[in-house]
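In: Sharing a model prediction with you, sequence too.
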Amino acid sequence: MKKKITILPGDGIGKEVTTSGKKVLEQIADCFGHEFIFDYALIGHEAIEATGNPLPDETLTKLKNSDAVLFGAVGHPKYDNDPSAKIRPEQGLLKMRKELGLYANLRPIKLFDELLEASSIKPEILKGADILFFRELTGDVYFGERGRKDNNDTAYDTMIYSRYEVERIAHKAFKAAQTRSKKLTSVDKANVLESSRLWREVVQDVAKQYPDVTVEHMFVDAAAMKLIQNPKSFDVVVTGNLFGDILTDEASQIAGSMGMLASASVGDTVGLYEPIHGSAHDITGKGVANPLASILSAALLLDISFGLKEEADTVIKAVEQTLKEGYRTRDIADASTPHEKILGTEVMGNVVCNQIRMLV
Ligand code: NAI
Ligand code: MG
């Protein structure tokens, strides 16, 4: 198979982890006889420095002309400390999602058995948890009308959803539920918010087309509590942009670390694959970032954009085997991990590539 993949490293540890993600894709191409042609593009702080624009037109054109995109993260401390900055890295990210029509963000949350002890949650609560989140990605308060009034002393953002926006993500979530345990949880705040009442109404309407799927509606505050109390009670979850952002960061603790969670953003055009974590200034440049989220994002890319199921499974098995042999990055190590088994970003990526070679 011949495919064009754009690598969009972005900022901070985004660069460090996508190097490993790309290496794994090269290894897969090598072992399975595919031809992946890689190209690079700029986004975020790096793009602002080079062009003044967090998402240059050249980047957008490259993305639209590729078969899939592997993305790192955007962000820089200088903007975090200056909320008034007009041009910001995350504008590039939001614009990219909107321009590419990436309205569905899939976030599989699954704990590798080898990491049961590394989590701060009790193993018996975690073991067997396997959740697939569908977070709506191009609507909600992130894209609604916003502004300031009263001499800048009042600020507002608007939570807004249309029937069409809810329908298309609901269909994706129901279809996924059909291939899993046929249970879907829709999360909203319909007791208070009008946009959530529409959300619930539309999900109930769409549900009529999937009579084999059981739907449960849950308020977001209750969902946040239940996610930690009994994660096994969830299978497929569909929710809006803001609630999904928060719940999936919370759910990262089920998978042991932010450094373990991959995501796929899909919609009208090219698929984009990225770890759920950000640019992590606190560890940038230290070579300690966990590359497994980027590597698992590469597995999602192979599966969803290219339909290469066997290749994707090989990547996941290679990660499993790496963990089984005791290799850890700092974020997933515990007190019992021998010093020599704690690896940096680059070596961890190389170990996964070795495992792929041994598996094929
Ligand atoms: P973050 O996700 O970058 O980091 C949160 C914590 O998790 C940090 O302590 C970090 O060291 C740790 N962490 C994250 N990824 C890790 C990995 N692969 N291995 C080991 N540890 C890892 O979120 P934070 O600190 O809130 O934001 C940092 C910057 O990233 C900000 O500028 C923010 O705007 C940006 N950001 C970008 C996102 C994106 O591009 N998709 C998403 C979230 C934040
Ligand atoms: Mg987030």
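Out: All right, it came through fine. Ligands and ions are numbered 1, 2, ... in the order given.

In: For the stretch 201-350 of the chain, which residues are neighbours of ligand 1?
Out: 258-259, 277-283, 289-290, 293, 331 (Cβ under 6 Å from any ligand atom). C-beta coordinates here come from the backbone N, C-alpha and C atoms, glycine included.

In: okay, the residues you listed in CSV with secondary structure, pLDDT and neighbour count next?
Out: Output for these, formatted as CSV (DSSP: H, G, I helix; E, B strand; the rest coil; pLDDT from 0 to 100; neighbours: other Cβ atoms under 10 Å):
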residue, secondary structure, pLDDT, neighbour count
Met258, helix, 89, 18
Gly259, helix, 93, 27
His277, coil, 94, 25
Gly278, coil, 96, 21
Ser279, coil, 97, 25
Ala280, coil, 97, 23
His281, helix, 95, 15
Asp282, helix, 96, 9
Ile283, helix, 97, 18
Ala289, coil, 98, 33
Asn290, coil, 98, 30
Ala293, helix, 97, 28
Asp331, helix, 93, 18
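
In: and Val238, what is it in contact with?
Out: By Cβ atoms under 8 Å, 6 or more residues apart in numbering, the contact set of Val238 is 133-134, 136, 169-170, 173, 184-187, 203.

In: quick one: which of those sit in strands?
Out: 133-134, 136, 184-187 (DSSP state E).

In: Which residue is the nearest non-sequential neighbour of Asp67?
Out: Excluding its sequence neighbours, the residue lying closest to Asp67 (Cβ to Cβ, 6 or more residues apart in numbering) is Lys3, at 4.3 Å.

In: Can you name the helix or strand that the one you found falls in?
Out: strand 2-10 (DSSP states H and E).

In: next one: Phe38
Out: strand 35-40.

In: Give the partner strands of that strand in its sheet and their orientations.
Out: Next to strand 35-40 in the sheet, as set by DSSP bridges, lie strand 2-10 (parallel).

In: And the contacts of the strand it pairs with?
Out: 15, 18-19, 21-22, 25, 34-46, 59, 62-63, 65-75, 89, 279, 301, 306.

In: Going through those, which ones are buried?
Out: Buried members of the contacts of strand 2-10, counted by 16 or more other Cβ atoms under 10 Å: 15, 18-19, 21-22, 25, 34, 36, 41-46, 59, 62-63, 66-75, 89, 279, 301, 306.

In: What's the nearest residue in the stretch 101-250 of the chain when you look at ligand 1?
Out: Of all residues in the stretch 101-250 of the chain, the one sitting closest to ligand 1 is Asp249 (7.8 Å; Cβ to the nearest ligand atom).

In: Summarise which helices and strands the host helix or strand of that residue is packed against.
Out: Under the criterion of DSSP H and E, Asp249 resides in helix 241-251. When contacts are defined as 3 or more Cβ pairs under 8 Å, 6 or more residues apart in numbering; DSSP states H and E, helix 241-251 packs onto strand 104-110, strand 130-136, strand 183-188, helix 220-229.

In: Residues touching the third one, excluding its own?
Out: Counting contacts by Cβ under 8 Å, 6+ apart, the residues outside strand 183-188 that touch it are 170, 173-174, 177, 196-197, 199-200, 203, 207, 213-220, 223, 234-240, 243-244, 247.

In: what are the C-alpha coordinates of that strand, in PDB please?
Out: This file holds the C-alpha atoms of strand 183-188, laid out as PDB (Å, rounded to 0.1, in the frame of the first residue of the first chain):
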ATOM      1  CA  LYS A 183     -24.300  -0.100  25.200                       C
ATOM      2  CA  LEU A 184     -24.000   3.700  24.700                       C
ATOM      3  CA  THR A 185     -23.800   6.400  27.400                       C
ATOM      4  CA  SER A 186     -24.600   9.900  26.300                       C
ATOM      5  CA  VAL A 187     -23.300  12.600  28.700                       C
ATOM      6  CA  ASP A 188     -24.900  16.000  29.000                       C
END
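
In: related to what we said a few turns ago, so how far is the strand holding Phe38 off the chain centroid?
Out: Put simply, strand 35-40 sits 22 Å off its chain's centre (Cα atoms, centre = their mean, to the nearest Å).

In: what's downstream of it, the next helix or strand?
Out: By DSSP H and E, the next helix or strand past strand 35-40 is helix 45-51.

In: Give me the PyMOL select line for the ones in strands among the contacts of Val238, limited to the buried ones.
Out: Those of the ones in strands among the contacts of Val238 that count as buried under 16+ other Cβ under 10 Å are selected in PyMOL with:
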select buried, resi 133+134+136+184+185+186+187
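
In: So which of the ones in strands among the contacts of Val238 is the closest to Met358?
Out: Ranked by distance to Met358 (Cβ to Cβ), these are led by Phe133 at 32.0 Å.

In: how about the residue nearest to the closest one when sequence neighbours are not counted, what does it touch?
Out: The spatially closest residue to Phe133, leaving aside those adjacent along the chain, is Arg107, at 4.1 Å (Cβ to Cβ, 6+ apart). Going by Cβ under 8 Å, 6+ apart, Arg107 touches 132-133, 135, 244, 248, 251, 261-263, 276.

In: 6 Å - rerun?
Out: Each residue near Arg107 by Cβ atoms under 6 Å, 6 or more residues apart in numbering is listed here: 133, 248, 263.

In: Please apply the same query to Ser257.
Out: 331-332.

In: Residue ranges in the chain under the pLDDT threshold?
Out: Across the chain, nothing is flagged by pLDDT under 70.

In: all strands of it, in order?
Out: According to DSSP E, the strands that the chain contains are 2-10, 35-40, 68-73, 104-110, 130-136, 146-149, 154-157, 183-188, 214-219, 236-239, 262-266, 271-275.

In: what's the last one packed up against?
Out: Where contact means 3 or more Cβ pairs under 6 Å, 6 or more residues apart in numbering; DSSP states H and E, strand 271-275 is packed against strand 68-73, strand 262-266, helix 292-300.

In: Having no further points to raise, I will conclude here.
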